[in-house]
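> quick one: sequence plus predicted model below, questions after.
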Amino acid sequence: MAKEGAALTELVSGRSWVGKAGWQTSEELVEGFLDFWRKHDAILRVVDLGAAEGDKRFYKIRMKILNSVTNSLTDAVKELQAKGKVDKDVSPAAMAGSLVAMLASVAGHQKGFQTWGVKQAELKPNLALLVHLGITGKKPTR
């Protein structure tokens, strides 16, 4: 599961965040993240609980999964900054880490959104919008 989770970086690494391709990257990242969490829900709950209780073994597994995506998103923001497309005041690592923490939290609470009246079909595009805005600072081109 951890190896498969580390492969989530493929949804971001080397992908474009400009124009329609950027929106597609956001959508595919959200879709892949939510699918991964649904597939491994029971194991991830145990990992999260162990990590929250301070067990370093579980913390390392969680970080292996999340760091790969965080690092790829950090690189994406840095690249956009180098091209003058994202404000230099944005901290790439802080933005990427915040987005990945948000994705992990939302992914872990997918069933709970239904009790708030949020349909899965509504969740994905709105989450993708937040990811796109966070990485690019701009509303997506669709």
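Noted; the coordinates are in hand.
> and residue 5, what element?
Per DSSP states H and E, residue 5 falls inside helix 2-6.
> so what does that helix touch, helix or strand wise?
helix 56-82 (3 or more C-beta pairs under 8 Å, 6 or more residues apart in numbering; DSSP states H and E). For the C-beta atoms, the positions are set from N, CA and C on the backbone; glycine is no exception.
> give me the average confidence score over the helix it packs on.
What helix 56-82 shows for mean pLDDT is 95.
> pull out the buried positions in the following helix or strand past the helix holding residue 5.
Using DSSP H and E, the helix or strand that follows helix 2-6 in sequence is helix 19-39. By 16 or more other C-beta atoms under 10 Å, the buried positions in helix 19-39 come out as 22-27, 29-30, 32-34, 36-37.
> quick one: helix 19-39 to chain centroid distance?
In this view, helix 19-39 has its centroid 8 Å away from the chain centroid, taken as C-alpha atoms, centre = their mean, to the nearest Å.
> what's that helix in contact with?
For helix 19-39, contacts defined as C-beta atoms under 8 Å, 6 or more residues apart in numbering pick out 4-5, 8, 11-12, 15-17, 44, 69, 103-104, 106-108, 110, 123-125, 127-129, 131-132, 135-136, 140-142.
> what subset of those residues is buried?
5, 8, 11-12, 15, 17, 44, 69, 103-104, 106-107, 123-124, 127-129, 131-132, 135-136, 140.
> ok, residue 124 to residue 27 distance?
Going from residue 124 to residue 27 by C-beta to C-beta, to the nearest Å gives 7 Å.
> what helix or strand is the residue nearest the centre of the chain on?
Centre of the chain computed as the mean C-alpha position; nearest residue by C-alpha atoms, centre = their mean is residue 100, 3.9 Å away. Counting by DSSP H and E, the element that carries residue 100 is helix 92-108.
> for that helix, packing partners?
With contacts taken as 3+ C-beta pairs under 8 Å, 6+ apart, helix 92-108 sits against helix 19-39, helix 41-52, helix 56-82, helix 120-136.
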